[in-house]
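[1] Pasted the sequence and its predicted model underneath.
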Amino acid sequence: MSRSRSPKYRQSRREHSPDDMIDQLNIRSRTCYSFAPSQRKDNGHEDNCECRRPQDEHSDKNQIGNSRWTMELNTREEINAEHGQLPNGAQFVRLALDTPKEKAEKILLHAWKLPEPSFIVSVVGGAKHFKMSDQLETNFINGLIDLVNKSDAWLVTNGYATGIVRLVGEAIHQFELSRFNENPITAIGICKWGCIMDVDKITLPMDEETQQLTTHTLDVTPNNRLKQRRSGEWDLEMHHSHYLMLDDGTTRNYDTQNYRTHLVTHMAKINNEHDFFVPVVTIMVEGGLDSIENIYYDLRSNIPVIIIDGSGRAADFFTRWLLWTKDLDNDVENQDIVCEIEELDDEDDIKQFTKVMYCLQPAVRFHLTVFNLNSDTDLSETIFRSICRSRQRFIKMKEQKTNEQLETRRRRLAKLNSGKQKTDDLADRSKIMKKDQVAEQTRLLDLAMKWDCITVAREFIFQNSLDNILGKDKYFIKALKENLPNFVYEFLKLGIDPANVFFSKKRHSETKSRYARFIKELYDNKLMDIGKTHLKKFIQISKHDTSRIINDVESLNLLLKHLIGAYMYELYFDTLEDEHNYQKKWGLIEDSGTLKQDENENTINEKDLLLKPEEKKDYKYIMRDLFLWAVLMNRIEMAKVFLSFMKNRICPALIATKILKQYHSVATYGDLKKAYIKDATYFEKYAITCLDKCDDHDVHKSCEIILRQNELYGYVTCLQVASDAQDKLFIAEPASIEAMNNIWYDKLHPEQASYRHRLALFFGIVSLGLLAPVFVKYRESKEARKRKEAVSEKFRDNGINYGDPKLLEYPLILRSQTDSAPILYLRKLAKFHRSLPMKFCYHVITYIFFLLLFSYFLLFNFSPPKSQRPSIHWTEILTIILVSCILIEEIHYFFTQDSLTFEGKLESYRRDYFKPMTILAIILFYIGLILRFANAGSEDKFMAARIVMAIDLEIWWLRCLSFIIVIPYLGPHLVAIWKMIQDLLFFMVIIAVVMIGYGVASRSMVYYPRANNFTMETGGSINNSFDGRTVFRHIIYPVYYFLYGDFGDELTNLDSNPEAGWSIADHVLLAIHMIFVNILLTNLLIAMFTKRFDKVYEDTRNIWHSQQYLFTREYFSRSPFLPPISLLYDIYYLARMFFFYIRRKHFQKSADRDSRVFKIISKKKHTIKEWNDFEDAFTSEYAHDEVKALNNASIKSKSGSDSDNKENKDDMMKDHSGLTDANNNLKQVQNDLNKLKVLVEGLNKELNDEIEKKISQNGDPTNP
């Protein structure tokens, strides 16, 4: 009867339970009922049947003639075969060895509801004398389990807990323990019912009565079980998920014949043209004669076989013979002809030999692949190459066979069909086969992507074309989601257009965003959760929506604004019309008039005419979007791929550094935090390398590239992003320094290093520019010199235009053709005043005058207001005016910063260390001014205003250091001083602790006790009342001045009482305090300063260049006039700014398109194209080289650790010596093979003679 599940279990899963479905299939087992004496040599009992059961256990105890035992004659079918669940939760079924494969398929797919496999791998090999090596465990076992998990494969073994299967089972168990949240591995054991030890016990239904018995059976120690186990019995490997227990009526007989091969072939649909092919492979590890037989069966069924070289026995045997017979690989004549080798004798060794010879023939051996455990080749690549190569040859042979059949059919019907019909039949058949091959290659591509086998996929699947793949868009998106940069690179290289994948082709659709699919596919919440990224920490939330998700372009724009900066304009829009309106709103494009829409007219055609030029940008947009997505998801290799297909590479690489540094600022996990800064450094070096390559060819164009606005990235510049991301190395690059130098001198010649040029510049400044047109050297237009004619304007006036040929000085030969001498003089004078050196000098002169004036009135004329008019001195009035001018200048600078939001401007403003100092000085000045008039009643109250003003003046003087930063040989040292101040703060904390400790201890012993007569109550000078002023005066201040050797009355008071105990104790305490502070801590401070200076010496210049950029940015927007004219200039531009702000905010009008911006804005589109082409031309090779290195890096990462590689090299040297010996014996082996060939030919001749004799004796060979 069937051993079914318990009633409770059946009741809970009665509907469509596995047991019910198996019962419906009427699965049967077999029982030997007819006794046949055993012919086995290892039979220990004469009364045993061939099935190894005693004679008395058979119903028919008489032998049937002299016939040998067969399953068909000596066994009968038993209905209700056992099935159910093992103690480990695995499903099992007992079925007859001749059970149709269709029934077994229904058990697997329908009863057990296994998902259809995308890959089937069988592991065959040694069950005895098997030793595990480190290479086998690391390079093979773990790699195999990882492959099975990646590809949702079926792993098929013999299911016994011995040899290679035991190792596989242990690996499965370790995998499931470490990854318990993932889907379990489908491991199917195809074993023999009669070979499983205690099979009756472990297959009992799991009720309370049998659970203890089964547990006791499984818990027996291995040594005891080994003693109890009989020959031919093995324990069941209990980490498989399913078991097919075959039954042919025998016990302790491993032979399952070719059932596994036939079942795998059936499930894989290898020979079925009308079903989808499932990749299948067999792996042989070690093994014996049974393994050779399994390989023979698989090769006959066109199943590729991987032989693990170095595992021993049969595997190494095959490897040696494949090496010795490698000349057969070049046997072109017989490589497509499979020969059946007849048995020469009934002896087993001859049978095995014929099977080996079958496997080694040219038409079969291509299914064999050797995997060396000591090689650097990855197992997945070896398996996949074997599958592809085997399938390719199989299809070729099938195509050849089909063509031969078609040719035969055409010859028979030659009289009925015309030649054209023959050609049509051949063409139709070719199209059908081509379609089938494309479908099959597409399925193989899916497997290649799961295993990341790009090298094999490139060779066998892509073949330099995407025509071999169905559903290219789907697999491209899959490669993106599963982080397969090598596959993405191959798709892009072969011409897939991501814009067609993600952007809707219906441009006129207003109901759906063109970024809908892009956001849905790539910014999926699950995809963000599984990635190693801190993206969600930067997604903005609101009161109404607290979920950190990205579901529209608005949330994506907010994310980028938060990560990169508020100076970047929005990148993503639902429609091209929205983008156009946004650009008009901010004055980014010319407002040529709004779209004229009529409610009664269809305006679609007008919109199409407007948006048609924008369609050409789709490819650039989608590559930008994919790059930003890759960086946001922290997929660095993927980002490198997209960079290689973009024309602009410097700016996006710098944006990547900013995003990764933002991630680094919030990361807490050690390895990931280190990875962020490492990748940010990589992208900074990437941008530097690209800039250097451009700089090597044209330094002027390189400067323009890093200063021009990038429309594709929100109209930012490279230097703008680098400064915000604190990419100091990039800003310190020669091209960046040259660009800032060009901005600094503007229309003046940038080479002002010689004494003559410096002297000319000095005369120009001293004369307020009057002598500058005569002595100072200006830039000349190179384009005008080449063309010998006037040129058109190249850049916008409101941006950086130092290199505009229209605004530069023309050569002498052209000056006479342009303007007169007075006009040229006035033009040069204006250019000199607009240059930043002149602005800087004006500012320095004004500021020095302000400081001297402020100091003068504070020293000599700062007194309470008088009754006369004016009530305050004129110097004070002028100082108030100058401070107000500085305030207006700071407000003007604050609102002319690049950030688009107030918060962003505030964040950018505080980056300059001197700006907060300026604000503090202005605030203190007005506070002092208020106190000056509020406390004018008495001199004591007026002192508060004097103190505030004095402190304020100190800050104004310290602010003078900001002018030093522009000096190349002083600026870097200023940066070093700032770094040392940070160390000084730490030192001051230590000093404060030591001073307070000594001050409180000494005062408590000496001055504060009344008995010592130092307090005011006893006639002394110490006020021991408790308030803050007295505490600082008597405890903190005296001890602080010990640092400078000023002891005051400290030693005198102690020496006047030499015999007092408190005097002696304080002397000792003071000595210790002085040693600790003046010797130890002071020298520690010197050592810290020295170390800090040495540490930052190399970096100070880089930091100084970063500050130089901010300094240059400030003076670019500063007024070119002296006060008070500069005040009118600033007020005018502030009023203009607020006017356009109100106009844009409340009246939906365009922003001020002529406002000053710190970037180069081209007037002509062909100039932008020149920049893009120039950058792409000289950085493309480097970008593609970086991507090509990814493949090598991925191979190295799969090959194992350095220690493993070292061991592998040693083993490979040994193998190499072994192969050398083998090659030396190759001639002898070939001679033996030739002798064997002669012997085989002689035997065949004898057999043919015997057959001819029999035919001649019987006459008609067709008669029975």
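    Right, received. Where do you want to start? It should be emphasised that the depicted structure is a prediction, and the values quoted were computed from it without experimental measurement. Numbering: from 1, shown residues only.

[2] Let me see the contact set for the most centrally placed residue in the chain.
    Geometric centre of the chain, nearest residue: residue 635, 2.1 Å, by Cα atoms, centre = their mean. Residues in contact with residue 635 (Cβ atoms under 8 Å, 6 or more residues apart in numbering) are 483, 485, 531. Placement of C-beta: from N, CA and C, glycine included.

[3] Can you say which of the residues you listed are buried?
    483, 485 (16 or more other Cβ atoms under 10 Å).

[4] between the contacts of residue 635, which is closest to residue 858?
    residue 531 (61.1 Å; Cβ to Cβ).

[5] Relative to residue 1082, how far out is residue 1036?
    19 Å (Cβ to Cβ, to the nearest Å).

[6] Check residue 189 too.
    Counting by Cβ to Cβ, the gap from residue 189 to residue 1082 is 78 Å.

[7] now do residue 1126
    For residue 1126 relative to residue 1082 (Cβ to Cβ), the value is 48 Å.

[8] Residue 375 too?
    From residue 375 to residue 1082 the distance is 64 Å (Cβ to Cβ).

[9] What of residue 412?
    Counting by Cβ to Cβ - residue 412 and residue 1082 are separated by 111 Å.

[10] So between the two, which is more surrounded?
    Each of residue 412 and residue 1082 has its neighbours counted (other Cβ atoms under 10 Å); residue 1082 has more, 14 against 9.

[11] ok, the more buried one - contacts?
    Counting by Cβ under 8 Å, 6+ apart, residue 1082 has contacts residue 1043.

[12] Quick one: classify it as helix, strand or coil.
    helix (DSSP: H, G, I helix; E, B strand; the rest coil).

[13] From residue 925, how far off is it?
    37 Å.

[14] got the CA coordinates for stretch 24-36 in PDB?
    The C-alpha trace of stretch 24-36 is given here as PDB (Å, rounded to 0.1, in the frame of the first residue of the first chain):
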ATOM      1  CA  GLN A  24      -3.700  10.400  -9.800                       C
ATOM      2  CA  LEU A  25      -0.700   9.600 -11.900                       C
ATOM      3  CA  ASN A  26      -0.900   6.000 -10.800                       C
ATOM      4  CA  ILE A  27       2.900   5.700 -10.100                       C
ATOM      5  CA  ARG A  28       4.100   2.100  -9.800                       C
ATOM      6  CA  SER A  29       7.200   0.400  -8.300                       C
ATOM      7  CA  ARG A  30       8.700  -3.000  -9.100                       C
ATOM      8  CA  THR A  31       9.200  -6.100  -7.000                       C
ATOM      9  CA  CYS A  32      11.200  -9.200  -7.900                       C
ATOM     10  CA  TYR A  33       8.900 -12.200  -7.600                       C
ATOM     11  CA  SER A  34      10.700 -14.800  -9.900                       C
ATOM     12  CA  PHE A  35      13.900 -16.200  -8.500                       C
ATOM     13  CA  ALA A  36      17.000 -16.300 -10.600                       C
END
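
[15] Which element, helix or strand, includes residue 1003?
    helix 971-1005 (DSSP states H and E).

[16] quick one: average pLDDT of that helix?
    Taken as a whole, helix 971-1005 has a mean pLDDT of 81.

[17] Quick one: list the elements packing against it.
    Under the contact criterion of 3 or more Cβ pairs under 8 Å, 6 or more residues apart in numbering; DSSP states H and E, helix 971-1005 touches helix 961-964, helix 1037-1040, helix 1061-1074, helix 1082-1116.

[18] Contacts only, for residue 53.
    32, 251.

[19] all numbers from here: first residue = 53
    All set: I'll call the first residue 53, so the last point we hit is now residue 105.

[20] where's it relative to residue 1102, distance?
    In terms of Cβ to Cβ, residue 105 sits 110 Å off from residue 1102.

[21] what do you get for residue 556?
    Taken as Cβ to Cβ, the span from residue 556 to residue 1102 is 85 Å.

[22] Comparing those two, which residue is more hemmed in?
    Using other Cβ under 10 Å as the criterion, residue 556 and residue 1102 rank with residue 1102 on top: 18 against 15.

[23] Please save the CA atoms from whichever strand or helix holds residue 229 in PDB.
    Following DSSP H and E, one finds residue 229 within helix 215-230. Taking Å, rounded to 0.1, in the frame of the first residue of the first chain, the C-alpha atoms of helix 215-230 are listed here in PDB:
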ATOM      1  CA  GLY A 215      31.900  11.300  -2.700                       C
ATOM      2  CA  ILE A 216      31.300  14.400  -4.600                       C
ATOM      3  CA  VAL A 217      27.500  14.400  -3.900                       C
ATOM      4  CA  ARG A 218      28.200  14.600  -0.100                       C
ATOM      5  CA  LEU A 219      30.400  17.700  -0.800                       C
ATOM      6  CA  VAL A 220      27.600  19.200  -2.900                       C
ATOM      7  CA  GLY A 221      25.100  18.500  -0.200                       C
ATOM      8  CA  GLU A 222      27.200  20.200   2.400                       C
ATOM      9  CA  ALA A 223      27.600  23.200   0.200                       C
ATOM     10  CA  ILE A 224      23.900  23.400  -0.300                       C
ATOM     11  CA  HIS A 225      23.400  23.300   3.400                       C
ATOM     12  CA  GLN A 226      25.900  26.100   4.000                       C
ATOM     13  CA  PHE A 227      24.300  28.200   1.300                       C
ATOM     14  CA  GLU A 228      20.800  27.900   2.800                       C
ATOM     15  CA  LEU A 229      22.100  28.700   6.300                       C
ATOM     16  CA  SER A 230      23.900  31.900   5.100                       C
END
